[in-house]
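> 3D, please:
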Amino acid sequence: MGRGRAKAKQAKIARELKYFSPPTNLTALQRELADAPQTADHDQAHHISEGDDGPAR
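So this is what the prediction gives:
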């Protein structure tokens with residue numbers, strides 16, 4: 001017993017998280033993305049798109 005109250009609380013928290021949208025600082029996001037170094041995944045995807053066979057899927 002007692003599961004109902006815990007489940008209701010979890011549902012309430014999940015609902016708050018689902019519909020909560022904090023204000024986004026787009027300037028800070030743009031600055032962060034501009035300063036981000038290139039990753040190995042990006043380089044690998046670039047090579048695959050140029051015609052490399054790449055890893056078998």
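> contacts and neighbour counts: CA atoms only from here.
Noted.
> Distance check, residue 32 against residue 22.
18 Å (CA to CA, to the nearest Å).
> With neighbour numbers in mind, choose between those two.
Comparing residue 32 with residue 22 by neighbour count (other CA atoms under 10 Å), the higher total belongs to residue 32, at 10 against 6.
> Can you say which helix or strand has that one in it?
helix 26-35 (DSSP states H and E).
> Now that helix - C-alpha only, PDB.
Taking C-alpha atoms only, helix 26-35 is exported to PDB below (Å, rounded to 0.1, in the frame of the first residue of the first chain):
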ATOM      1  CA  LEU A  26      20.000  32.100 -28.000                       C
ATOM      2  CA  THR A  27      23.000  34.400 -28.000                       C
ATOM      3  CA  ALA A  28      24.800  32.200 -25.400                       C
ATOM      4  CA  LEU A  29      23.900  29.100 -27.300                       C
ATOM      5  CA  GLN A  30      25.300  30.500 -30.600                       C
ATOM      6  CA  ARG A  31      28.500  31.600 -28.800                       C
ATOM      7  CA  GLU A  32      28.900  28.100 -27.300                       C
ATOM      8  CA  LEU A  33      28.300  26.400 -30.600                       C
ATOM      9  CA  ALA A  34      30.700  28.600 -32.400                       C
ATOM     10  CA  ASP A  35      33.500  27.900 -29.900                       C
END
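> For it, which outside residues touch it?
Applying CA atoms under 8 Å, 6 or more residues apart in numbering, helix 26-35 has no contact partners.
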